[in-house]
Structure formats: C-alpha cells, structure tokens
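[1] my questions are about this predicted structure, shown below with the sequence.
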Amino acid sequence: MGSEDLAINGGPKVRQGPYPPWPVLGEEDAAAVTETLRSGKLTQLTGGDVAAIEEAFAAWHGFDQCVATSSGTTAIHTLLAALGVGPGDEVIVPAHTFIASATPVLHQRATPVFADVNPRTFCISPESVAERITGRTKAIIAVHLNGHPADLDALLALAEPQGIAVVEDAAQAHGALYNGRKVGTIGRAGCFSFWEDKIMTTGGEGGCVITHDHDLAERMRRIRHHGEALVQPAPTGGQADERTYYHAELGYNYRMSSLHAATGLVQLGKLEEYLEARRRNAAFLTEHLTDSPAIEPPYLAPNSVHSFYKYVCRLRPEAGIGIDWFVRAVTAEGIPVSRRYPTPLPQQPVFRGSGFGKQPCPVAERLAGELFTLLVHPTVTEEDLCDVVAALWKVAGRLERSPHTRSGEDAAREIEGILDKLSLTTLINKEDVQNRLVEFCLAALGWRLDSTNTHVWVPLSEQMASLWAFPSRQTKRDYVLSARGAQVVHIEAQHEWRRFAVDLDTFLERINRGDWEDTRREGPNKELAVLLWGAQEANCKRAALIDEKRLLIFERDGEWGLAREVDLFVDPIERVYAAFMLLAPP
C-alpha cells in the first residue's frame, strides 16, 4: 500500500462509523438529578447534595476536608486566594499544560513564572523549578498532566525548606498514584476538575479542593461564597441556620450546584470501574504501538500509576513528517485525534502580552510540535482500539514513502512558522539559540536529534591524530548527521569563530591544498578543521558549524567553500531561513 491509498489522498478510510462518546450518563444519573430537582433545594445553601459529595470525595482519598467549587479553574483560584497569594508573589507553573493551571495566578495579581517540563512524563521539571525559585516564590503548581503524576518528592524537597506551598493540580489525574499514594493528597492541597469529559464528571461543570488543613478549608469555603461567613446557629431549635451576610474578605460565587453534586455522587461510585477501563485501553495501545519507529507511546515512571485521562503520544522527529499533516491524515482515517497543547503557555497572548513569557522552556516548545492525543475513555472497546492501531500504522508505517516528508514544502512551512514565532521573542544566549532555534529547525528538516545521533566518532589518519595531539586515531565529537550521512553539523561549537589566525578564505584555501598547520592549537581553527576533515572522510557534501551566534555552512565540490554565513541574533529572518533550507536533505 502506498501513500496514494491514505484516506487523506482519496483512499479508503479505516473506520466508517462514529467513535464512542464520553461521558455517557444513564438512568441512575437522571434519577438522582430528578430527585434533587423535585426537592426544590437546588443550591449548596439549601440542599444537602454538595455536602454529601464533599464528604464522599474526601473519604475516597482518606481525607476529611473537601471544598466543592464550580470548576477546576475556580478550585485553583480559591486555593491560591486562601493561601494568601497576591501582588508581589511569584507562582511557578509548567509551560506545557492547560491554561487554567496558570490564569488563577493572574486573577490574584501575582506573577506566573514558567518552568520547563520533563521530556518523558510531560510534567513540570524539578530541575527547571530549582532555577526559577526566588525569595518571592509563594507556590508551585504541580500539574499531574494527562493522568501521570508529577515528581512530587523532588518538588517538595525544593519547596518545604523554603516555606513554599506545593499545589497539586489533579484535574486530569483522579485516581493516579505516586509512590502508592493518591495524587492530590501529598502537597498542601489537591485541586480536581469534574468537567464534562474528565475521568469523572459532575454533569458538565464542577471542581473541588481536598486538604487536611481545617483552617485552610474554612477559608476556602468563605472565599467561594462571596467572602461571607457561612451561617450562624438559629436562635431557636427546629429552625434552619441563618446566613450572617457579613463579608469578611473578597470572595466569589464559586459554589457547586445541587444538580451537579447529585450527578457527581453517582459518578464517584463508578470511578474505580472507569479507571480500570482507561488503564486497560491504554495498555492495549501501548502493546500495539511500542514497535512503531514513528510513534512514541506514553512513558510511565516506575513509581507511578497513570490514570490516562488522555493517551498522549509523541511523533518522533526522525519520522520526517509535520505534526499537522499527521493529525489530518489520521483524522481522515476516521479516528479522533488532536494535537496536545500546540502553544506553550509562555507564548499565549495573555501571558506574553503582559511580559510574563520570557523564561525559556525549550522542552515545552519542542513538545508543542510533537504531541498528539488519542482517546481511551471507558466506552471505547477493543474493536475501536484495533481501528486506532490500524489507522496509525497505515499512516505512520509508510512515512518514508509519503510525499509529505520534511524535505519539501512541509519543512519550509514549518521553519517559517518557527522563525515567525521567534520574531516575537528575544534569543538570550547560545543555549537559547540551540534549544529554541537550531534544534527546532533541524528537526523540521528531518534531522534526528535523539541521544543516538548527537555524538559521532571521527576517524583520523595517524598524521592528523599527531597534528592535533589526539591519543588515538579517532575522536568523539558532538556532531549530528543527517539522513544517509550526507551532511554533518557541529551543533554547539565551543569557540566562536573570530578569524584571528587567518581570514576564512585563506584558511579554506590552505586546507584544500592539504596544509593543516594553522589548526594545531586549540581554538576555532582546530574545531573547524576537525569538522571539515571528518566530513571529508565520511564523504559528506555539506558541513555546518554553529557557534555562540553564527551559523556557517560549508559545501564541498572537490574543494571546501563557504556557502552561507548568518548571525542568528541580528540577521533578517529571510537570511536565516535561507541558510537553514540549505541543510534540507539533498
């Protein structure tokens, strides 16, 4: 089967029928809502359903305090307000997550500080957090993304000695386990969402916060109810408690309704069943996708149990295809699939426009162009999953023969998009250049940048090993090879090319006639000489060197010559684009 048989190209679809919906609410849910509706007690203030789900959800986690809210977003906001987060404070949030993990920080007029994420779990990176902590850090929001727990031990080790609160955002992770403990129970408090498609729902909207801290819980209850002290005992027995109408602080109407709570009580009783189904479906996909050269299934840390709100895969850069086309191609086969958070939070206008998007988060930026989502909710059957697997293998298994590889127009468009995004930001240093520009552009062109292809053994003649004072006739260099070894790039040269020994034209003229004497000393001459020698010995037609600020591309047509030189910090985007397009596969 060739690329012409893909549905996107007019071929037959793998799946004709609709995919199973989620959520699916039944008679039990309808009966519970009907009973509450007929009672006439529809709010948290008049009915008992909200208190009932608070008690039940807390008990499911082994807690005794749960504060129900109108959504997962308002749960986070309520908690931050109760923790006293305000102007002048900083809250560290992951750069790769849903925006509601971070916007409550703005609502408190505090400063969101973005940390990078782990490249395998996609959760917030403790190493990046450690670099972002300051004396103003008030809280860290640990998002258990897609259902995989964040590294809480490492985060707590950073936070607790400094009095920083670790807030667990478990909106996507009901029932996930970290070192045998349910997420949401380990940090200062845990926030959950019960939105329509979450692992369990309260009938469309809803959320909550669980905590062991009684004082914190009482303040959250006040904040979700206009800052009002809840009730005071009735003066005479047999009467309902009375409202105080005394508002001690700024609050909001973040209350959950009785109708939502009634639905949630039924759904909570099915949560274990839902989790078992999601994990079973995820295991099926992982078993059938593990051998794919193009698709990387979700990683599971040894100390974690995933709840699989979403089954998020990575499209490997070496697949040589753009994520947008891949998603369109799989969708055309009748399978619901989507990109996973294609715009990192620091690049979202609400943050970037307010000056909050300046922290470099290269992993989050890379993942934004690689991740896609598959659905594994409980109504999905093994037959449905077989269609998913068939569609993925149909599209991804034939990428080498697809006309949509990154060597053509796709690569050009992708690089244009990368440069367009970067035109709105500032490249700070050479690490920023490498992580946010160079690696993205090379990956768009189909260069493989994984750990197996970023170090190359360069063979040396006895004469050259002696000239350069290497202990053996080979040296390991941090080079990257293109497909079929036609090109080589020294991706992070240690020395800036200053041309202090001889000018570049003279340098190339000398090595082309076999005179390498100017390359004996450690420095930029030697660094470039080893690159060109290795490229020549490997019969590469093109070699490139990237130092602190420049990209130099050399071509060999019998002799080495400089094909292009650009300053990555200051040259116009058109020149940078043209230079990278020279590194497209021949």
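    Thanks, I have the structure now.
[2] using the three-state scheme, assign residue 77.
    helix (DSSP: H, G, I helix; E, B strand; the rest coil).
[3] ok, it touching residue 107?
    Yes. Using CB atoms under 8 Å, residue 77 is in contact with residue 107, at 5.5 Å. Quick note: C-beta positions are derived from backbone N, CA and C, even for glycine.
[4] start and end of stretch 174-191, how far apart?
    10 Å (CA to CA, to the nearest Å).
[5] now do it, average pLDDT.
    Averaged across stretch 174-191, pLDDT comes to 98.
[6] show me which positions of that stretch end up buried.
    174-176, 178, 182-191 (16 or more other CB atoms under 10 Å).
[7] closest to residue 466 out of the residues you listed?
    residue 178 (55.8 Å; CB to CB).
[8] how about the nearest residue to that closest one, chain neighbours excluded?
    residue 149 (3.9 Å; CB to CB, 6 or more residues apart in numbering).
[9] now do the contacts for the one you found.
    123, 173, 176-178, 183, 301, 304-305 (CB atoms under 8 Å, 6 or more residues apart in numbering).
[10] looking at those, which are in strands?
    Those of these mapping onto strands are 177-178, 304-305, per DSSP state E.
[11] which residue ranges of the stretch 51-200 of the chain form helices?
    72-82, 103-107, 126-132, 152-159 (DSSP state H, counting those that start in this stretch).
[12] any idea which of these gets closest to residue 443?
    Short answer: helix 126-132, nearest of these by CB to CB, at 20.6 Å.
[13] just the CA atoms of the closest one, as PDB, please.
    Listed next in PDB are the C-alpha coordinates belonging to helix 126-132 (Å, rounded to 0.1, in the frame of the first residue of the first chain):
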ATOM      1  CA  PRO A 126      12.000  19.900  39.300                       C
ATOM      2  CA  GLU A 127      15.400  20.900  37.800                       C
ATOM      3  CA  SER A 128      13.800  23.800  35.900                       C
ATOM      4  CA  VAL A 129      11.800  24.700  39.000                       C
ATOM      5  CA  ALA A 130      15.000  24.900  41.000                       C
ATOM      6  CA  GLU A 131      16.300  27.500  38.600                       C
ATOM      7  CA  ARG A 132      13.100  29.600  38.900                       C
END
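[14] mean confidence score for stretch 516-531?
    Rounded mean pLDDT across stretch 516-531 is 82.
[15] that older thread, tell me the one of the contacts of residue 149 nearest residue 471?
    Looking across the contacts of residue 149 and measuring by CB to CB, the closest to residue 471 is residue 301, at 39.8 Å.
[16] skip ahead from the longest helix along the chain and say which helix or strand is next.
    Assignment by DSSP state H gives helix 271-289 as the longest helix of the chain. Using DSSP states H and E, the helix or strand that follows helix 271-289 in sequence is strand 295-296.
[17] so what does the helix or strand hosting residue 574 touch, helix or strand wise?
    Taking DSSP H and E as the criterion, the element that holds residue 574 is helix 573-581. Packed against helix 573-581 by the contact rule (3 or more CB pairs under 8 Å, 6 or more residues apart in numbering; DSSP states H and E) you find helix 409-422, strand 550-556, strand 560-567.
[18] what's the mean pLDDT across it?
    Mean per-residue pLDDT for helix 573-581: 84.
[19] that one vs helix 409-422, what angle?
    140 degrees (axes from the mean of the first three to the mean of the last three CA atoms, to 10 degrees).
[20] low-confidence ranges, the stretch 301-450 of the chain, go.
    Along the stretch 301-450 of the chain, segments meeting pLDDT under 70 span 398-410, 424-432, 434-435, 448-450.
[21] can you show me the strands along it?
    304-305, 311-315, 338-339, 371-374 (DSSP state E, counting those that start in this stretch).
[22] settle this for me: residue 189 is touching residue 213, isn't it.
    Yes. With contacts counted by CB under 8 Å, residue 189 reaches residue 213, the gap being 7.1 Å.
[23] of all the helices of the stretch 51-200 of the chain, which one comes closest to residue 314?
    helix 126-132 (18.9 Å).
[24] buried set for the closest one?
    Result for helix 126-132 [16+ other CB under 10 Å]: buried residues 126, 128-129, 132.
[25] returning to what we had before: how about residues contacting the helix holding residue 574?
    Against helix 573-581 from outside (CB under 8 Å, 6+ apart): 411-412, 415-416, 419-420, 423, 441-442, 445, 551, 553, 564, 566, 568.
[26] residue 222 belongs to a helix?
    Yes. Using three-state DSSP, the assignment for residue 222 is a helix.
[27] ok, now which ones touch it?
    Per CB under 8 Å, 6+ apart, neighbours of residue 222: 228-230, 248-249, 251.
[28] pull out the buried members of those residues.
    So, by 16+ other CB under 10 Å, the buried ones in these are 228, 251.
[29] any chance of the contacts of residue 222 in JSON lines, with distance to residue 199 and pLDDT too?
    Listed next are the contacts of residue 222 as JSON lines, based on distance: CB to CB, whole Å; pLDDT from 0 to 100:
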{"residue": "228", "distance to residue 199": "32", "pLDDT": "94"}
{"residue": "229", "distance to residue 199": "34", "pLDDT": "81"}
{"residue": "230", "distance to residue 199": "30", "pLDDT": "65"}
{"residue": "248", "distance to residue 199": "35", "pLDDT": "92"}
{"residue": "249", "distance to residue 199": "33", "pLDDT": "95"}
{"residue": "251", "distance to residue 199": "29", "pLDDT": "97"}
